[in-house]
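Chemist: Whatever this is, show me its structure:
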Amino acid sequence: MGKRILDDNSRRAILLQLLKVNGAVTAGDLSGNAASRYKGNPGRKQCDRTAVEAIIRAVPPEKRSNYRQTAVILGLAVGLIFNMMTNKEIVVRTTTIKLVLKQANRQRRME
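Modeler: Numbers count the residues shown, from 1 in each chain. You can find the predicted model right below:
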């Protein structure tokens with residue numbers, strides 16, 4: 001496949017070649033501006049993963065127990081935190097011990 005983002009001259013040449021081959025343009029006309037609107041550095045601005053990792057580690061473990069809670073506290077996207085977890089940039093470490101149900105609680109739940 002070719003480049004997706006073309007410069008203005010290449011874009012104009014391709015459009016004129018298509019017009020020559022097909023003879024007409026079905027949707028719209030070529031009298032307008034055929035220049036590309038992608039100028040400069042298009043796309044989302046990337047974030048520094050090491051800085052995000054340092055920010056996440058600064059939050060106490062009990063306040064970052066799940067993705068959504070961590071994202072709300074830090075003001076980040078849940079997807080960013082999830083991607084960092086799947087890429088092993090952040091590793092889950094938990095020290096929470098889940099208590100075993102006592103006999104009274106077990107009986108109450110069984111009712």
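
Chemist: Identify all contacting residues around the strand or helix carrying residue 83.
Modeler: Using DSSP states H and E, residue 83 maps to helix 78-86. By CB atoms under 8 Å, 6 or more residues apart in numbering, the residues outside helix 78-86 that reach it are 47, 49, 52, 53, 56, 67, 68, 70, 71, 90, 91, 92. All C-beta atoms are positioned from the backbone trio N, CA, C, and that covers glycine.

Chemist: Turn those into TSV, including pLDDT and distance to residue 103.
Modeler: As requested, these are arranged in TSV below (pLDDT from 0 to 100; distance: CB to CB, whole Å):
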residue	pLDDT	distance to residue 103
47	80	51
49	84	48
52	87	46
53	86	44
56	85	40
67	84	35
68	88	35
70	86	36
71	88	39
90	82	39
91	78	37
92	76	32
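
Chemist: Filter those residues down to just the buried residues.
Modeler: The neighbour count (16 or more other CB atoms under 10 Å) marks 52, 56, 67, 70, 71, 90 as buried among these.

Chemist: Correct me if wrong: the fourth one contacts residue 60.
Modeler: No - at 10.9 Å, residue 70 does not count as touching residue 60 under the criterion of CB atoms under 8 Å.

Chemist: With respect to residue 15, which of the buried ones among the contacts of helix 78-86 is nearest?
Modeler: Ranked by distance to residue 15 (CB to CB), those are led by residue 52 at 42.0 Å.

Chemist: All set, thanks.
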